[in-house]
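> sharing a model that was predicted from the sequence below.
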Amino acid sequence: MTAISDCFETLGRNRECALIPFITAGDPDLATTAAALQTLDRHGADIIELGVPYSDPLADGPVIQAAATRALQRGTKLEQVLEMLQTTTPSLRSPIILFTYYNPILHRGIEKFLQQIAAAGVAGLVVPDLPLEEAAGLLQPASEIGIDLTLLVAPTSSAERIEAIARSSQGFIYLVSVTGVTGMRSQMESRVSDLLQEIRSVTDKPIGVGFGISEAAQAQQVKAWGADAAIVGSAFVKRLAEGTPEQGLNAIAEFCQNLKSAIKTTDTSENTQLDPGYVK
């Protein structure tokens, strides 16, 4: 079993929902990123998604785009991110998923890229601009080297496409809760509940919901609807960027702990309602 599937199996035995925070590497700097990974690991994260800053982020909303821009302006490059991970991952309990676009992978070469991230301790990979039709060339070598390539299901995906993605996705299935980019929203889409059931009807793989969760009540809602993981991005990125690095680390520690506590104790009955009000 991979580290990610092992994590979901352990949580599943306890009927627990995984918390997957997202942060951007290099914002405000890589030393703070390393400290943030350790902080999240200590305060309730089950898996951590780390975004590699990219100049043309098609799937990222304004908060994460701004963080990536700041990281790039500081000169953050993939090599430096991997060096940081190589020294940090041995101390982490939580598996690391790298969030990156396809062009940097192609530029390096698929085999070389996968070998490098595996050597840095990365357990999983999310490539938001990689369509299912072109994923085979990355899925097979990733599987061989022990990296889970997780594919995304969009709210607009057809039943046939959902089944095909569910069949191919590794580690878990990433359900995008909204049409559009990542970001903080005030309401959860009720369509997410239907999509979760639709995916569940064709696979027993874990399902994570992202692109929209920014507070504890929303994480509780997706768990109540049957999600195996709540993926939270912009809300963490925003907190980490505010104030001094120390203040940012304290803010994400408290937020992570609160989110994990909420999805541990939430009522999972289908009648759970979310107050109006809905971010990767």
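Cool, got the structure.
> show me where the stretch 51-200 of the chain has its helices.
Ranges of helices in the stretch 51-200 of the chain, per DSSP state H, counting those that start in this stretch, are 62-73, 78-88, 102-108, 110-119, 136-145, 159-168, 191-200.
> comparing these, which comes out most buried?
Of all those, helix 62-73 has the most neighbours on average by mean count of other CB atoms under 10 Å, namely a mean of 20. Glycine gets a C-beta too; all of them are placed from N, C-alpha and C.
> returning to what we had before: so which of the helices of the stretch 51-200 of the chain gets nearest Gln257?
Judged by CB to CB, the one of the helices of the stretch 51-200 of the chain that comes nearest to Gln257 is helix 78-88, at 20.2 Å.
> residues contacting the closest one, please?
Contact partners of helix 78-88, identified using CB atoms under 8 Å, 6 or more residues apart in numbering, comprise 25-26, 30, 33-34, 37-38, 50, 52, 96, 100, 104, 108, 116-117, 119-122.
> for the residues you listed, which ChimeraX command selects only the ones that are buried?
Paste this into ChimeraX to select the buried members of the contacts of helix 78-88, with burial taken from 16 or more other CB atoms under 10 Å:
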select :25,26,30,33,34,37,38,50,52,96,100,108,116,117,120,121,122
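> SS state for Gly208?
strand (DSSP: H, G, I helix; E, B strand; the rest coil).
> ok, it - contacts?
18, 20, 150, 172-175, 227-231.
> and the gap between it and Glu134?
22 Å (CB to CB, to the nearest Å).
> ok, now Arg191?
Arg191 sits 27 Å away from Glu134, taking CB to CB as the criterion.
> what's the answer for Ser91, then?
36 Å.
> any stretches of the stretch 101-250 of the chain with poor pLDDT?
Along the stretch 101-250 of the chain, segments meeting pLDDT under 70 span 179-189.
> one more pass at 90, please.
Applying pLDDT under 90 to the stretch 101-250 of the chain flags the ranges 155-156, 177-192, 211-212.
> how far is the lengthiest strand in the chain from where the chain is centred?
Identified as the longest strand of the chain according to DSSP state E is strand 18-24. Distance, stretch centre to chain centre, for strand 18-24: 5 Å (CA atoms, centre = their mean, to the nearest Å).
> could you say what helices and strands that strand packs with?
helix 3-13, helix 30-42, strand 48-51, helix 62-73, strand 207-210, strand 229-232, helix 234-241, helix 245-265 (3 or more CB pairs under 8 Å, 6 or more residues apart in numbering; DSSP states H and E).
> can you say which of the ones you listed is nearest to Leu195?
So among the helices and strands packed on strand 18-24, strand 207-210 is nearest, using CB to CB, at 8.8 Å.
> note down every partner strand of the closest one and its orientation.
Strand 207-210 has its sheet partners listed here by DSSP bridges as strand 173-176 (parallel), strand 229-232 (parallel).
> buried residues in stretch 227-242?
Under 16+ other CB under 10 Å, the buried positions of stretch 227-242 are 227-241.
> quick check, central residue of the protein?
Glu49 (4.3 Å; CA atoms, centre = their mean).
> for Ile165, which non-adjacent residue is spatially closest?
Using CB to CB, 6 or more residues apart in numbering and skipping the chain neighbours, the partner closest in space to Ile165 is Leu151 (4.9 Å).
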